[in-house]
Structure formats: structure tokens, C-alpha cells
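> have a look; sequence and predicted model below, questions after that.
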Amino acid sequence: MATKAGEYKTAAIYARYSSVMQKETSIEGQKLTGDKLAKQNGLSIVAVFSDSARSGKSVAGRDGYAAMVAAIKRKEFDVVITEDLNRLSRDGVDPGILKRACNYYRVGILTQKGWQNDTDIAIHGLVSTLDNQSRAINVKRGQELLLTKGLVPGAVAYGYRSVPGKPGVHEPDPVTSKIVQRIFYEYGVLERSPRDIAADLTREGIPTPASHRDSRYEGCTIWNHQAFVGGMYAKGILGNRKYIGEIEWNTHTTAEHPESRKKVKRPAPKGEHTVVVKPEMRIVEQDLWDAAQAVRTGRAVKMFGKGGRVVRRPVVQRGDWLLSGMLRCGSCNGHMRIAQKSRDGTGRVACAAAHQHRTCEHTKTYDIAKLMAGITDSWKENLASDEAIERGMAAWRGQRKSGAKTDGERKSVERKLNALNLEIDRLVDATMKMDNPPEAFFKKISAKEVERASLDERLHQLGGPSSSEKGGKVVPFVSADSPKFRDIFRQRVMQVHHWMVTAPDAPETMYEVRNLIDSIVVHPTGKRMPYEFTPYVNVAALEGLGRLPARRSVAQIAAENGHPAVPKSASEGSPASSITPIISDTWSAGAPTICG
């Protein structure tokens with residue numbers, strides 16, 4: 001690579017430390033190293049990005065890294081300075097993705113070992129892959145050694161506490177162990193439901209297991225019944241044999257999803273399971289344990305049949321339906337979620353606080369199909385009338401007059417947008433490595449691009465940078481001050497209604513509806529009574545009506561990530577959508593709507 005002193009002028013520092021191996025002071029030390037490298041190479045530091053207590057094994061959840069990548073694509077600096085490539089990532093794939101993006105945007109990477117070229121990155125990726133495998137083997141070996149010494153590997157379970165100065169020694173906690181005994185007694189002897197038990201613990205303000213396990217949830221007192229019964233692979237309190245003095249180990253393995261980077265548990269072969277008996281750890285007496293298991297088995301057989309196992313059927317995914325995340329409870333103003341399935345196979349939504357925690361009295365569930373039909377049928381009446389538009393304009397004027405702050409929302413949108421860009425980069429990289437990638441991959445990338453473009457414009461509305469700005473010139477839009485606004489807004493409402501009717505499952509429709517409407521409040525009604533709900537319009541939708549977001553085709557996305565040659569099906573593709581999003585901010589109320 002050519003001499004950088006004359007080619008590059010500005011630089012950004014990236015620093016990270018692991019929650020396990022290092023301390024907060026490591027960040028300051030890495031910054032000092034970065035400053036020294038910048039001075040040696042005649043560079044001016046213009047930005048610093050950092051991630052504290054974040055593992056280098058994955059870039060998922062690292063806001064500092066995501067913000068750095070976004071800044072690279074905006075060409076805000078010429079060089080990334082980091083102490084070592086391990087600070088960027090210990091994954092075998094992510095450094096290559098970053099280097100291709102840096103090559104495309106002509107950004108250099110500088111470490112204490114010098115300027116990093118493609119060969120250096122490739123070698124680092126190979127070494128990191130081998131190192132991660134060795135680390136996993138060493139961790140497993142260390143856990144096995146603890147078991148042979150009569151110690152407990154892993155985190156401290158609820159009901160226990162660690163003994164200071166004795167790693168691996170867990171003993172019953174005098175406070176939380178009583179809560180565990182109470183849960184088993186109420187479930188196994190009194191035969192109370194997990195939801196009723198959770199509601200009582202919540203009302204009494206008893207700290208949850210998460211508050212003991214993770215400092216982020218310190219002080220949390222809202223219990224979820226899943227803490228008792230567990231999930232597909234989670235044991236839950238009622239299924240944890242530690243409470244009768246049995247340590248089960250190596251019952252599951254963990255794998256990382258290649259796209260979302262989320263950890264996924266999978267059952268390990270039974271021949272690899274290890275059980276160690278430790279009578280001194282017993283919290284629950286055997287007769288109480290047996291009673292609880294008998295109740296659990298009886299309820300499972302009654303609900304799921306002779307085998308007592310749930311039959312997994314296709315269900316509506318939480319984030320994959322049109323109104324996901326938009327419905328709010330008319331009683332407590334909390335979120336509503338998919339709670340169960342109707343007889344015809346469609347989902348039903350309920351207030352999350354009422355369904356999960358029994359902290360709200362709005363316990364009625366609502367058929368998704370019927371709710372969707374009612375909202376669609378009354379869409380024009382509630383949003384396109386002169387009265388509805390006037391309410392929205394009044395709210396918009398009030399917001400401008402009060403100078404409402406949007407810093408918090410802008411930062412939240414920035415984080416979401418940066419994380420989504422990393423997800424798109426990784427998906428594109430995986431797709432481009434296939435000889436003949438299926439069309440479904442390109443459709444998924446296009447769907448992500450729809451979401452990205454929507455977030456990008458939303459960020460611009462909130463005062464952040466946006467790709468809608470071409471050469472310093474913003475694409476024209478119609479403000480609520482304009483005399484043409486009423487007609488254009490009404491036309492947009494009619495367009496979105498058309499998409500809701502003709503393509504309710506399309507990602508474009510989903511983001512259009514969410515940008516136009518902040519939320520829909522579902523009001524409590526009696527059993528078998530018609531549904532009542534109120535749509536709330538986003539005020540910021542009025543601020544940028546008609547704005548065209550910058551969207552990229554799959555071929556453009558691939559090229560920007562260092563893949564100039566793409567499959568024919570991708571290069572011929574058009575941008576993700578021709579729909580024009582309306583980016584949102586805050587909202588004002590509309591009139592209640594009745595549907596059958």
C-alpha cells in the first residue's frame with residue numbers, strides 16, 4: 001500500500017474490551033495507543049468509537065462498531081486506527097467484510113503492527129477461527145475439571161449464591177431459596193397456575209431471577225410465568241434439578257445463527273450428558289419436587305394429549321405481521337402481543353401486562369384477522385377526513401411551537417440503522433459467496449433494504465444525516481404549511497390503504513403503515529362485543545410528506561460491500577420498492593373507531 005502520510009489526513013480510533021478478560025481502563029489505554037499511531041503517521045483524530053464489556057467473537061450488539069462502519073460509508077475519515085485486529089473482531093468472517101467496505105470507500109486500517117492489507121486480514125480471519133475453536137475446547141475442559149472436583153460450572157442459579165474466594169462453590173441463598181420453596185409449594189401442593197404465582201410475586205415487589213443474574217435488570221420486580229415453566233430448551237425453575245441436589249451438565253450445545261448472530265440452544269446427545277449429585281445443594285424436598293412434577297405432567301397431558309408434548313404448528317411470527325409492535329392496550333397503554341391461536345389457526349393478541357404478568361385488568365384477547373379487517377375498513381374514515389387531518393396539523397403546529405426534543409429517538413434510530421446495515425452487509429457477503437444463490441436470498445436483502453431506507457429517512461426527519469441528501473441538496477417535500485398538504489396527505493392515506501388491501505404481507509406495506517401511524521390503541525370491551533380502537537397519527541409524517549428515500553438495488557448493495565461482480569438475477573433487480581415512506585416522530589389522537 002502506498003505511503004499514507006500524504007494520502008490520508010484524518011482518522012478514527014476504535015477501542016473495545018471484553019467483559020471477561022479486561023477492564024474499563026483498557027479503553028483509555030487503547031485510545032492513547034491510537035493517538036500515538038496517529039501522530040507517527042501525520043493523522044488528525046476526528047472520531048472515537050468504543051464498545052465496553054463486549055466480546056470480540058461477534059459484532060452483533062456492538063453499537064460502537066456499527067457506528068464506525070456507518071461513518072466509514074459516509075466517508076467521515078480516511079483511516080481506522082485500532083490497537084490490534086482482535087479489537088475489531090475475533091470472528092473469521094467479519095474482518096473480511098469490514099476490509100472490503102474499507103477498500104471500496106478508500107479507508108485504511110492501521111494497527112500497532114502497521115498498515116493492514118487484504119492478506120493480513122485473511123490471515124487474521126483464519127487464525128481467529130482456529131483460536132475460537134481452541135477457546136471453546138479449553139472452556140469445556142475447564143468445566144469438566146470443575147465437575148470432577150465437585151464444583152459447579154456456569155452461572156449461579158436463582159436460589160443460590162457464590163461463596164467468596166471459592167470459585168465454583170454455590171450454596172443455597174437464605175433469601176431467594178425461600179422464594180423457590182414457595183413457588184414449588186404453590187404449584188405442586190396448592191396447584192396454582194404459573195401466571196397467578198407470577199402475579200403475586202410481582203405485586204409483592206420481589207426481585208426477579210434476572211435482577212440477580214444481570215446488573216442491567218437490577219431492581220426488576222415484574223415476574224413472567226416462563227421463569228417457572230421454561231421454554232423449548234430452558235428448564236425453568238420447576239424443571240431445574242439443581243433444587244434437589246443434582247447438577248446436569250452438557251445437556252445442550254449453543255450455535256450462532258449465521259445471519260442474526262443470535263445464540264441458539266440445541267439438545268446434546270443423551271450419551272454426552274453428565275449428572276453429579278450434590279446433596280448439600282438441595283433446596284426442595286423430594287416429596288415437594290415429585291408433587292410439582294406430577295401436576296406439571298398432568299396438565300401437559302390434559303392440554304397436549306397422551307404424550308404430554310406440544311405439537312409445533314405454524315404460528316404468526318411476532319415481527320412478521322402488519323400491525324406488529326403498533327397495538328397498545330387501552331387500559332394501561334402497554335404493548336399488546338400475540339397470546340394464542342384462534343380455532344381457525346389465526347393468532348389472537350392481548351395486553352402483554354395482563355397476559356404475562358397479570359398487572360393489567362384488560363384480559364380480553366382479539367382475533368388478528370377481525371382486528372385487521374376493522375382497521376382496514378375504517379382507515380379512510382379515520383385518517384382521510386378533514387377533521388382527522390386538521391387534528392394532525394394542530395398537533396404538528398403544537399410540536400413546532402414547543403420545540404419538542406427528539407435526541408433520544410434520534411439516537412435510538414441511529415443504533416437500529418447501524419445494526420441493520422451490519423446485518424445487510426453480512427447477508428450480502430454470504431449470498432455473494434454462493435455459486436448460484438436462490439432468489440429467496442435476494443428478496444430477503446431487498447426486504448431489509450426497505451427497512452433500512454425507512455429508518456434512514458426517519459433519521460433525517462429527526463435531524464440526523466440521510467442518504468436522501470444528494471450533493472448537499474435535499475429532495476423536496478410538502479410541509480403541513482403548504483395549501484397543497486391536505487390533498488397530498490389524503491392521497492397518501494388512500495395509497496397506503498390500497499397496499500393494506502392488496503399486499504398486507506409485503507414488507508413495504510408494513511413500514512409504510514408504521515411510518516404513517518405511531519400506534520393503535522385497542523379499548524377494552526365486553527365479551528363477544530365489537531372491537532373498539534383508536535389510531536394515532538405520526539406528527540412527523542406531516543413534516544416530510546412526499547420525501548423520496550434513497551434505496552439501493554441488490555447489485556448496488558453488493559458493490560458497496562466490495563462485490564463488484566454479482567449474479568445476473570441480482571444485477572437485473574430493481575430497488576427494494578417504489579413505495580414512498582412517510583417518516584414519523586410523535587403522534588396525535590384520532591377518534592375511536594368501531595368495527596364488528
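All right, it came through fine. Numbers count the residues shown, from 1 in each chain.
> pull out the buried positions in the longest helix along the chain.
Longest helix in the chain, counting residues (DSSP state H): helix 118-148. Across helix 118-148, burial judged by 16 or more other C-beta atoms under 10 Å covers 120-121, 124-125, 128, 143, 146-147. Any C-beta I mention is one placed from the backbone N, CA and C, and that applies to glycine too.
> ok, those residues vs Phe77, which is closest?
Nearest to Phe77 among these: Ile121, at 18.8 Å, using C-beta to C-beta.
> quick one on the thing from earlier: now do the longest helix of the chain: distance to the chain's middle.
Centroid separation for helix 118-148 versus its chain: 27 Å, with C-alpha atoms, centre = their mean, to the nearest Å.
> likewise stretch 377-392?
33 Å.
> next one: stretch 189-208
28 Å.
> how far does it stretch from one end to the other?
From the first residue to the last, stretch 189-208 extends over 22 Å; the measure is C-alpha to C-alpha, to the nearest Å.
> what average pLDDT does stretch 439-457 get?
Per-residue pLDDT over stretch 439-457 has a mean of 81.
> just the buried positions in it, please.
441-442, 444-457.
> mind saving the C-alpha coords of it as CSV?
The C-alpha coordinates for stretch 439-457 follow below in CSV (Å, rounded to 0.1, in the frame of the first residue of the first chain):
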residue,chain,number,x,y,z
GLU,A,439,-33.9,-15.9,-5.4
ALA,A,440,-35.1,-16.0,-1.7
PHE,A,441,-31.8,-14.6,-0.6
PHE,A,442,-32.2,-11.5,-2.9
LYS,A,443,-35.7,-11.0,-1.7
LYS,A,444,-34.6,-11.0,1.9
ILE,A,445,-31.9,-8.5,1.1
SER,A,446,-34.5,-6.3,-0.6
ALA,A,447,-36.8,-6.5,2.3
LYS,A,448,-34.0,-5.4,4.7
GLU,A,449,-33.3,-2.5,2.3
VAL,A,450,-36.9,-1.4,2.6
GLU,A,451,-36.5,-1.2,6.3
ARG,A,452,-33.1,0.5,6.0
ALA,A,453,-34.5,3.2,3.7
SER,A,454,-37.4,3.8,6.1
LEU,A,455,-35.1,4.2,9.1
ASP,A,456,-32.7,6.4,7.0
GLU,A,457,-35.4,8.9,6.2
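> where do the helices sit along the stretch 301-450 of the chain?
With helices called from DSSP state H, counting those that start in this stretch, the stretch 301-450 of the chain shows them at 352, 368-377, 379-383, 386-402, 407-432, 439-461.
> for the nearest residue to Met434 once chain neighbours are set aside, give its distance to Pro95.
Nearest residue to Met434 in three dimensions, chain neighbours excluded: Phe441, at 7.5 Å (C-beta to C-beta, 6 or more residues apart in numbering). For Phe441, the distance to Pro95 equals 23 Å [C-beta to C-beta, to the nearest Å].
> now stretch 519-539: buried residues?
Buried, per 16+ other C-beta under 10 Å, within stretch 519-539: 519-522, 524-525, 531-539.
> report how many residues lie close to Ala430.
Counted with other C-beta atoms under 10 Å, residues neighbouring Ala430 total 15.
> for it, give its distance to Thr254.
For Ala430, the distance to Thr254 - C-beta to C-beta - is 20 Å.
> can you check Asn132 too?
Going from Asn132 to Thr254 by C-beta to C-beta gives 13 Å.
> list the residues that contact the residue nearest to Met434.
Contact analysis of Phe441 by C-beta atoms under 8 Å, 6 or more residues apart in numbering lists 427, 430-431, 434.
> okay, those residues in a markdown table with pLDDT next?
A markdown table is the format used below for those (pLDDT from 0 to 100):
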| residue | pLDDT |
| --- | --- |
| Leu427 | 86 |
| Ala430 | 81 |
| Thr431 | 83 |
| Met434 | 79 |
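> most neighbours out of those, which is it?
Thr431 leads the contacts of Phe441 on contacts (other C-beta under 10 Å) with 22 neighbours.
> give me the angle between the helix or strand where Tyr511 lies and helix 439-461.
According to DSSP states H and E, Tyr511 maps onto helix 507-516. For helix 507-516 against helix 439-461, the angle by axes from the mean of the first three to the mean of the last three C-alpha atoms, to 10 degrees is 20 degrees.
> averaged pLDDT, helix 507-516. What do you get?
According to the model, helix 507-516 has a mean pLDDT of 77.
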